[in-house]
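coords please:
(chains A and B)
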Amino acid sequence: MTCHCFIVPLDVLKKFASDPELEQEVRDSFLHTHAISQHIRALRAEHSALAATVGLIPLPAQAALTKAHHLPPSLVYDCQHGSSQPGVPVANPASSADATIKRASAEATAVARFYWEIFRRDSIDGHHMTLVSSVHYMNRFNNAFWDGTHMTYGDGDGQIFIDFTLGNDVIGHELTHGVTQNSAGFAYANEAGGLNESMSDVFGSMFRQWQAGQDVNSADWLIGHDIMGPVATARGYTCLRDMANPAAAHCLAPQPTHFSQYHAGMDPHSSSGIPNLAFCQAAKAAGGHSWDRIGQIWYKALTGFAPSPQMLMSQFANRTRTLSRKMFPTDASLQNAVHTAWLAVGL
Amino acid sequence: MAASSELIIEAVGGFVGEGVPGSRFHSEGRLPLAALTARDQARVRALFSHPAPEKTNFYYRITLRGPDGSQTIDASPETIPEALLNSIQSRLD
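This next block holds a predicted model:
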């Protein structure tokens, strides 16, 4: 995912720092910001370079993976209803009296455990990266997001949405943005953007199903079901997105169901409906748990190759077809499930 | 940037996918530029002086509407004054 992190240009900060029309206190503030911004720019450049190369570093050999594995640290920061990031560090979040803090810590660790036990991936970068979550962001903030380095969760307004840490698919979704960033690196625009968003819904949903012990038939395939507030549910909305029926009326944000509906520049949260439906249909046709076989193919397609920032949906589809034949060479039924699922969405 | 200008701020993206065409959920805030402190007005002027496109998971779209017309930029959350962020209200269709 490309992150054009917006920072006020240094020359602009310098200009305002010496602007005689501004009060001294304001000028001093810009001078201070100029100094900090130089450090922030250096850190971001370093992180971007690191993320781009991490995907090329081979994961540990199988022998190394048989040793007892320790899950990565899970840190939590409290924004205390302000906008400053990451917030105030929380000591011992796993035992916090604040349920939101405790949940953010526990569920991030659970996602790490999911990636390790199912895919043998050590944290979101494959190299034991510390997981960082910020909670209580702003007042009644109705969203959650990944900013390239950590996750941020709002408390919801209690009407349309409730506490975003209550949705384990939310946490799985956001952390998977980190997995994508450290592997395929899908840019956040056009078809690659739709794939980026889809990977987060796919693995977020798989994580939710895994925690609940659900197979493909008992899963509801709904994204955001657990964070719907009373106003949303009273109006008949059961989810943000539905992987099994992306255009459904019960979705807060209906999506296209076929590639013929795609157009260049389409919002990634919209276009992700196409590959979401393909994954859901392939998993249902294959049966069992979504992570048993179809999930393994999707994981390999996402992480087993060099970064492809501008990947097309057709290329990803064909990659999964090829992988289904390579990974399950005697399972014609499974290969057909993958092939047919993509055909159904026009790819 | 006239003192009578109005700022309109919309959230885009994130888990919820705000700003997606066809979504029934919307978050938007409006604030007169003059309602901001001098420091925050300077920060907003800085944002509009050097706009940069955002292609990240979550950002804000800010429109400045004044007597001479309007200008729209995208900005990441940490660059926006908290008073402007606090003006945002959510609604459901």
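
Give me the distance between the two termini of stretch A:231-248.
18 Å (Cα to Cα, to the nearest Å).

what about the nearest residue to A:Ile124 once chain neighbours are set aside, which helix or strand?
Nearest non-adjacent residue to A:Ile124, counting by Cβ to Cβ, 6 or more residues apart in numbering or on different chains: A:Gly178, 3.7 Å away. Quick note: C-beta positions are derived from backbone N, CA and C, even for glycine. Assigned by DSSP states H and E, A:Gly178 falls within helix A:168-181.

Please export the C-alpha coordinates of that helix as PDB.
Presented in PDB, the C-alpha positions along helix A:168-181 are these (Å, rounded to 0.1, in the frame of the first residue of the first chain):
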ATOM      1  CA  ASN A 168     -12.900  -9.000  16.000                       C
ATOM      2  CA  ASP A 169     -13.200  -8.700  12.200                       C
ATOM      3  CA  VAL A 170     -12.400  -5.000  12.600                       C
ATOM      4  CA  ILE A 171      -9.200  -5.900  14.300                       C
ATOM      5  CA  GLY A 172      -8.300  -8.700  11.900                       C
ATOM      6  CA  HIS A 173      -9.100  -6.300   9.000                       C
ATOM      7  CA  GLU A 174      -6.900  -3.500  10.200                       C
ATOM      8  CA  LEU A 175      -4.000  -5.700  11.100                       C
ATOM      9  CA  THR A 176      -4.200  -7.400   7.700                       C
ATOM     10  CA  HIS A 177      -3.500  -4.000   6.100                       C
ATOM     11  CA  GLY A 178      -0.200  -4.400   7.700                       C
ATOM     12  CA  VAL A 179       0.300  -7.900   6.300                       C
ATOM     13  CA  THR A 180      -0.500  -6.600   2.800                       C
ATOM     14  CA  GLN A 181       1.800  -3.600   3.300                       C
END
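
Roughly how far does B:Pro32 sit from B:Ala2?
Distance from B:Pro32 to B:Ala2, counting by Cβ to Cβ, to the nearest Å: 11 Å.

again with B:Arg91
Taking Cβ to Cβ as the measure, B:Arg91 falls 29 Å from B:Ala2.

and what of B:Ala11?
Going from B:Ala11 to B:Ala2 by Cβ to Cβ gives 26 Å.

just A:Gly236 next, same as before
44 Å.

More neighbours: these two, which one.
Set A:Gly236 next to B:Ala2 and count neighbours by other Cβ atoms under 10 Å in any protein chain shown: B:Ala2 wins out with 11 against 8.

what about the nearest residue to the more buried one once chain neighbours are set aside, how many residues close to it?
Nearest non-adjacent residue to B:Ala2, counting by Cβ to Cβ, 6+ apart: B:Gly66, 4.6 Å away. Using other Cβ under 10 Å, B:Gly66 has 15 neighbouring residues.

can you tell me which helix in chain B is longest?
In chain B, assigned by DSSP state H, the helix with the most residues is helix B:38-49.

The very next helix or strand once past that one versus helix B:38-49: what angle between them?
Past helix B:38-49, further along toward the C-terminus, the next helix or strand under DSSP H and E is strand B:58-66. Per axes from the mean of the first three to the mean of the last three Cα atoms, to 10 degrees, the angle that strand B:58-66 makes with helix B:38-49 is 100 degrees.

secondary structure element for the closest residue in space to A:Ile171 that isn't next to it in sequence?
Take A:Ile171 and drop its neighbours on the chain: the residue closest to it by Cβ to Cβ, 6+ apart is A:Glu107, 4.3 Å away. A:Glu107 is part of helix A:99-119 when elements are defined by DSSP H and E.

Alright, that wraps it up for me.
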